[in-house]
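Chemist: My questions concern the predicted model and sequence given below.
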Amino acid sequence: MLAILSVGIRYEQEVVIARQYARTVAGLLGFDVQQQTRLATAVSEIARNAFQYAGGGRVEFALEGETASQVLLVRVSDRGPGISNLSRILEENYTSRTGMGLGIVGARRLLDRFEIQSEPGRGTTVWMRKLLPRRVRPFSRADLAALSAKITSGEPQNLLEDLRQQNGELMRTLDELRLRQEELAQLNRELEDTNRGVVALYAELDELLDLAKVAAGKIVIRPAEFDVASLFGALRGMLRPLLLNTSVNLVFEEPEKLPTLETDEAKISQILRNFISNALKFTEKGEVRVSARLAPGGGNVIFSVADTGIGIAPADHATIFQEFAQIENPLLRKVKGRGLGLPLTKKLAELLGGTITVESAPGVGSTFSLTVPLVYAGAEVTGDVLFAPEIVLDLLMPDLSGFQVLEQLQADARTSHIPVIVSTSRLLDDADRARLAKSAAKVLPKSAFSDGSAAALLHGICGEIGLAEIWGAQTAAAAEGLLK
């Protein structure tokens, strides 16, 4: 071991001097500024412990080894009462009221190697080691003698200057931490934007997919009993994240005197979620209010979502229900979307046997309402013809095959006499045709489907029955156009 210098710790100012010597020695041995600061901080922490708890001590600097990979050794020793809770301190399970444990633990983290020995009544000795940088050539005894003379020949800086230097280092460290926090905050904002973009993209894909299912007649209605209060509770929980960065209040009115519904709760929820999310997007302040009430006559329920947002001009009321359509408004530039939500909700409402209406004007907000039957009626049976949502019945469907639907219709006395038109792209074998002959009125291959072929089949089956009776007034006009 090659000694460099030694300094006694009898007065508090000498703790600062020990820190200065530690920095000077580290600098002369080739350590960079950051490593100098780490070593000086560790030495001052342990030297302060020796002064505070043992009344003084000694700090010694030396170099271990005479060839490459030399190690700077700093030994701090005292003859104080020792440390009774040393094992708990080193396990980081103990902190004294005076902070002694924090100093030891902190110094240990700053160095390559840290050893401490303490016995009650016999004092404490701490060995701190730091490997010299690889770029530094080995120091000889003569080198260290010259280095020691250079250090001791100069007077240590005064306390005020050292405090200024420490404050400067602290400010630089704080600036670095502040810069990193700003970078982290920026990254978090970018990540949030990315997450919102991904969520919006998936929502749009789910809407491009549901629209495709509706167009293909693949949406399945699953009616079940539920109450509006439970539906509102679930919606409130799902939509709470949308309120984190907004000053808009989302209010769900307590439903009163509403009977249990028997329809597709998931589809109702999907429609209301679209209404509410749109209202939150286009409302900068105020509130979005969700309510439900019985319609006159008691057979339907009306769900309403009212906002205090930008509003929609009456001339644009029809446009917003068209696919890929958006109206012009400065606020819309901030909102990403493809204009698929409202067209989808309109089609879902129609599948449930309901309707959607909108009341809105620029600057006064909007109210979107969904009116649906309390009980989902399903396919209507009128006269002698069954009309399912597919205007005909496909054989290839996701839940039940067309054959299974026909078998269920035949097994029910209320529907067994109703003829059904089957339109399919499936290549039918003799067994398939035999099964269909028992229950299907006509088979129309999709490859042969046209306005003319469909009209001929409908004329043949409907006979003289009025279309308004079969389909209801809502779709009679469209059907008349097809038959012509």
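Modeler: Right, received. Where do you want to start?
Chemist: can you tell me how far residue 423 sits from residue 402?
Modeler: 9 Å (C-beta to C-beta, to the nearest Å). Yep, even glycine has a C-beta here, placed from its N, CA and C like the rest.
Chemist: Oh, that last question was meant for residue 30, not what I typed.
Modeler: For residue 30, the distance to residue 402 - C-beta to C-beta - is 85 Å.
Chemist: With neighbour numbers in mind, choose between the two.
Modeler: residue 402 (21 against 15; other C-beta atoms under 10 Å).
Chemist: Report the contact partners of the closest residue to the more buried one other than its chain neighbours.
Modeler: Leaving out its chain neighbours, the residue that sits closest to residue 402 by C-beta to C-beta, 6 or more residues apart in numbering is residue 395, at 3.4 Å. Applying C-beta atoms under 8 Å, 6 or more residues apart in numbering to residue 395 gives the contacts 401-403, 422, 424, 426.
Chemist: secondary structure element for residue 395?
Modeler: Counting by DSSP states H and E, there is no helix or strand that carries residue 395.
Chemist: what sits in contact with each of residue 423 and residue 402?
Modeler: Common neighbours of residue 423 and residue 402 (C-beta under 8 Å, 6+ apart) are 393-394.
Chemist: can I see the domain layout of the protein?
Modeler: For the chain, automatic domain parsing gives the domain ranges 2-156, 175-219, 224-373, 381-483.
Chemist: Make CSV out of those and add distance to residue 168 and mean pLDDT.
Modeler: Output for the domains of the chain, formatted as CSV (distance: least, C-beta to C-beta, whole Å; pLDDT from 0 to 100):
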stretch, distance to residue 168, mean pLDDT
domain 2-156, 11, 88
domain 175-219, 11, 63
domain 224-373, 39, 83
domain 381-483, 71, 62
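Chemist: related to what we said a few turns ago, widest-spaced pair of the contacts of residue 395?
Modeler: 401 and 422 (11.3 Å; C-beta to C-beta).
Chemist: who's more crowded, those two?
Modeler: residue 422 (22 against 14).
Chemist: and the helix or strand hosting the more buried one, what does it pack onto?
Modeler: Counting by DSSP H and E, the element that carries residue 422 is strand 420-424. For strand 420-424, the elements it packs on are helix 402-411, strand 440-445, judged by 3 or more C-beta pairs under 8 Å, 6 or more residues apart in numbering; DSSP states H and E.
Chemist: Adding distance to residue 63, write the ones you listed out as TSV.
Modeler: Supplementary listing: the helices and strands packed on strand 420-424 in TSV, determined by distance: least, C-beta to C-beta, whole Å:
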stretch	distance to residue 63
helix 402-411	89
strand 440-445	95
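Chemist: among these, which is nearest residue 14?
Modeler: helix 402-411 (94.2 Å).
Chemist: Kindly format the C-alpha coordinates of the strand holding residue 422 as PDB.
Modeler: Taking Å, rounded to 0.1, in the frame of the first residue of the first chain, the C-alpha atoms of strand 420-424 are listed here in PDB:
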ATOM      1  CA  VAL A 420     -89.000 -19.500 -46.700                       C
ATOM      2  CA  ILE A 421     -86.800 -18.300 -49.600                       C
ATOM      3  CA  VAL A 422     -83.200 -19.700 -49.400                       C
ATOM      4  CA  SER A 423     -80.500 -17.800 -51.200                       C
ATOM      5  CA  THR A 424     -77.100 -19.400 -51.000                       C
END
